[in-house]
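Novice: The following comprises the amino acid sequence and a computationally predicted model.
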Amino acid sequence: MSVLKLNNILFFILFLGGCFLFPKLVHAQSKSDLEKKKKELHKEISLINGMLKETEKNKALTLDELLKLKSKISARTNLISTINTEINLIDSKITQHTLIIASLENDVAKLKEEYAKMIYYAFKHKSNQDKMMFVFAANSFNQAYKRLRYIQQYTTYRQSQAALIVKTQQDLQQKIAELKNSKQEKAVLLSLEQQETSKLAVEKKQQENVITKLQGKEQELKDKLRKKEEAAVKLQKAIQRIIEEEIRKAREEAKKAGKTETKGFPMTPEALKLSNSFEANKGKLPWPVAEGTITAKFGQHNHPVLAGIIINNNGIDISTKTGATARAVFDGEVSSVAIIPGEGKVVMIRHGEYLSVYSYMSEVFVKKGDKITTKQELGILINDTGNSGTSVHIEIWKGMTKLNPEYWIYRK
């Protein structure tokens, strides 16, 4: 076999290794992301379990318990989906390892076969006298030199071939070990998936039982829904009054400064900078509580118990632990602190053109005009296990337009 052919073989092996190295790097990154997501989902499920225990202390079954249970089922479903994705990645990895092993086994067999032929040839021409005779039998000095170079190259090639066999065998053993580890990893994940699926089935059964019991409290649920809707309307009107007043004052200030703008929300350079910074952090804002789970989403939805009833949410509700505090999602200035029956104490914070609103507080730590920093505590959330448990209601407005806060806060 020529040196050129040997180089081609080496190049092919390096190319093959490269082809499988890139998917391996991608897999490693994906696996890391999936592990992180699993950890976060386990944490969320554990948090909800703790909150459900608090709800159970009240004895009386509430809608809040159902909402938390639904949130836990959603988290569990996402966890199972994440595990399935990880299993699929491992299946892909197992397939890759199987193909590489088959290729390496074939390479080892061919290399050994070629090496055996070389050994046999060397055995037949093993004496140095035969080699010298081969050189001296040349017709010219140039031919003799080429024959001598051939003998040297052949010896070097034999040594390279032996080293290549050893290296290929080592690679083969490594891939066999990796395949074994991947299969063990898959077995662990399949067991975990089965456990989580069993828990999900139990939780869905619990949800059905809770819905059945709550359906027996239809009038009570309707009364609470009516009060909640009335409180939401009062809050919306209060927010609109605040926004309209701020726009009016901003336009007056702009007019005094010689500006004639009449549309939109006139802003100072500082307010514009803050507004742009708030917008640039969409999807990265911290949660308005240190830990929690979303139990009521933005917009219109079917009531979880009452058939045919549509509920509308101007923001999102996040359930959390008893004694928790609400916190600001971004730097800003307090526009208003108000008391809205059914919403508790409410804090509104201006971020340039944007406004964030926090409800369900029993006590607040800030006042109108205060400069606020990101994650600064605003007040203690109401602890009302007989009604809606401990939660925070947050809304985000741009001018007079309501936005979905879930798109703005960090997505777990």
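Specialist: Done, it's in.

Novice: in the stretch 301-412 of the chain, which spans are strands?
Specialist: 310-313, 316-319, 325-327, 332-340, 344-351, 354-364, 371-372, 377-381, 391-398, 401-403 (DSSP state E, counting those that start in this stretch).

Novice: Helix or strand with the lowest mean pLDDT in the chain?
Specialist: Every helix and strand of the chain was ranked by mean pLDDT, DSSP states H and E. The lowest is helix 128-136, at a mean of 49.

Novice: ok, the nearest residue to residue 380 once chain neighbours are set aside - contacts?
Specialist: Excluding its sequence neighbours, the residue lying closest to residue 380 (Cβ to Cβ, 6 or more residues apart in numbering) is residue 363, at 4.6 Å. (C-beta placed from N, C-alpha, C; glycine too.) Residues near residue 363 by Cβ atoms under 8 Å, 6 or more residues apart in numbering: 345, 379, 380.

Novice: Pairing partners for the second one in the sheet, please.
Specialist: Beta bridges link residue 379 to residue 326, residue 364, judged by DSSP bridges.

Novice: Isn't it up against residue 325?
Specialist: Yes. Taking contacts as Cβ atoms under 8 Å, residue 379 lies within contact range of residue 325: 6.5 Å.

Novice: Settle it for me: which of those two has more neighbours?
Specialist: residue 379 (22 against 19; other Cβ atoms under 10 Å).

Novice: what's near enough to touch the more buried one?
Specialist: Residue 379 sits next to 325, 326, 345, 347, 358, 361, 362, 363, 364, 365, 366 when contact means Cβ under 8 Å, 6+ apart.

Novice: So what's the residue count around the second one?
Specialist: Here the neighbour count serves as a burial measure; for residue 326 (other Cβ under 10 Å) it reads 27.

Novice: wait, it sits on residue 381?
Specialist: Yes. Using Cβ under 8 Å, residue 326 is in contact with residue 381, at 5.9 Å.

Novice: who touches both of those two?
Specialist: By Cβ under 8 Å, 6+ apart, the residues touching both residue 326 and residue 381 are 289, 360, 361, 392.

Novice: While we're on the last one, how confident is the model there?
Specialist: It stands for residue 392. Listed pLDDT for residue 392 reads 94.

Novice: and it, how many neighbours?
Specialist: Count around residue 392 with other Cβ under 10 Å applied: 27.

Novice: Now for it: which residues touch it?
Specialist: Here residue 392 is in contact with 288-289, 292, 317-318, 320, 324, 326, 358-361, 381 (Cβ under 8 Å, 6+ apart).

Novice: ok, so of these, who is nearest residue 335?
Specialist: Within the contacts of residue 392, proximity to residue 335 (Cβ to Cβ) peaks at residue 358, which comes in at 11.6 Å.

Novice: Just list the residues touching the closest one, thanks.
Specialist: Taking Cβ under 8 Å, 6+ apart, one finds 288, 326, 328, 346, 347, 348, 349, 378, 379, 392, 393, 394 in contact with residue 358.

Novice: what's the spacing between it and residue 202?
Specialist: Going from residue 358 to residue 202 by Cβ to Cβ, to the nearest Å gives 35 Å.

Novice: Residue ranges of each domain in this protein, please.
Specialist: Taking automatic domain parsing as the reference, the chain has its domains at 3-212, 218-239+267-407.

Novice: do you know which of those domains lies nearest residue 249?
Specialist: domain 218-239+267-407 (10.7 Å).

Novice: so can I have TSV of the shared contacts of residue 326 and residue 381 showing distance to residue 80?
Specialist: As requested, the shared contacts of residue 326 and residue 381 are arranged in TSV below (distance: Cβ to Cβ, whole Å):
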residue	distance to residue 80
289	26
360	32
361	36
392	29
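
Novice: Give me the local confidence score for the residue nearest to residue 380.
Specialist: pLDDT at residue 363 comes out at 95.

Novice: Would you mind confirming that residue 333 makes contact with residue 369?
Specialist: Yes. Between residue 333 and residue 369 there is a contact under Cβ under 8 Å: 6.8 Å.

Novice: Settle it for me: which of these two has more neighbours?
Specialist: residue 333 (17 against 10).

Novice: And that one, how far from residue 345?
Specialist: Residue 333 is 18 Å from residue 345, by Cβ to Cβ.

Novice: ok, now residue 253?
Specialist: Distance from residue 253 to residue 345, by Cβ to Cβ: 29 Å.

Novice: Same question for residue 239.
Specialist: Distance of residue 239 to residue 345, computed by Cβ to Cβ: 14 Å.

Novice: hang on, residue 221 is in a strand, isn't it?
Specialist: No. With DSSP: H, G, I helix; E, B strand; the rest coil as the criterion, residue 221 is helix rather than part of a strand.
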